[in-house]
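In: here is my input; please provide its structure:
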Amino acid sequence: MSFPFDPTQDLIVVPAAVTNPEGDVFVVNLVVDTGATNTVINVGVLMAMGYDPLLATDHFRILTGSGVESVSSVKLRNITTLGKSRDDFPAISHSLPLHAGINGMDGVLGLDFFRGHLVTIDFRRGRISLG
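Out: Numbering: from 1, shown residues only. Have a look, this model is predicted:
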């Protein structure tokens, strides 16, 4: 199954359904980022969904465009996008910098979500698929 995107835009944005710890589902807009090792969701968005990054037990340092930063990782109860679903999926909680060029987006969908799948991005048709 393939999903549409606007090939004339600078970013490929996909909706993702994220289930919070209580079972409520929220839709977030994530930028497809094949240069990002991990999926990142804005800390404010995570908190609004009911996740508390301050209570996360997994903390580590990442290299970003603005330097090395300390971040926490929360386990999403479930995330579904591009026809694939993952339970207990780790997402980095981080405030996305304004200069990243993804203002208005809720985060980035990184390689950790794509691993083990065939990713096809067709810019002529404006379609993305994950098989």
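In: would you map the strands across this structure?
Out: For the chain, the strands defined by DSSP state E cover 2-4, 13-19, 25-32, 40-42, 58-64, 67-81, 84-94, 107-109, 119-122, 127-130.
In: tell me, what residue is most central in this structure?
Out: residue 109 (3.2 Å; C-alpha atoms, centre = their mean).
In: in the chain, what helix or strand scores lowest on average pLDDT?
Out: strand 58-64 (a mean of 71; mean pLDDT, DSSP states H and E).
In: now do stretch 4-13: distance from first to last residue.
Out: 9 Å (C-alpha to C-alpha, to the nearest Å).
In: brain fart, stretch 78-85
Out: Terminal-residue distance, stretch 78-85 (C-alpha to C-alpha): 7 Å.
In: check the strands of the chain for me: which has the lowest mean pLDDT.
Out: Note on the strands of the chain: lowest mean pLDDT is at strand 58-64, with a mean of 71.
In: what's the distance between residue 90 and residue 52?
Out: Counting by C-beta to C-beta, to the nearest Å, the gap from residue 90 to residue 52 is 15 Å. Bear in mind the C-beta positions are built from the backbone N, C-alpha and C, glycine included.
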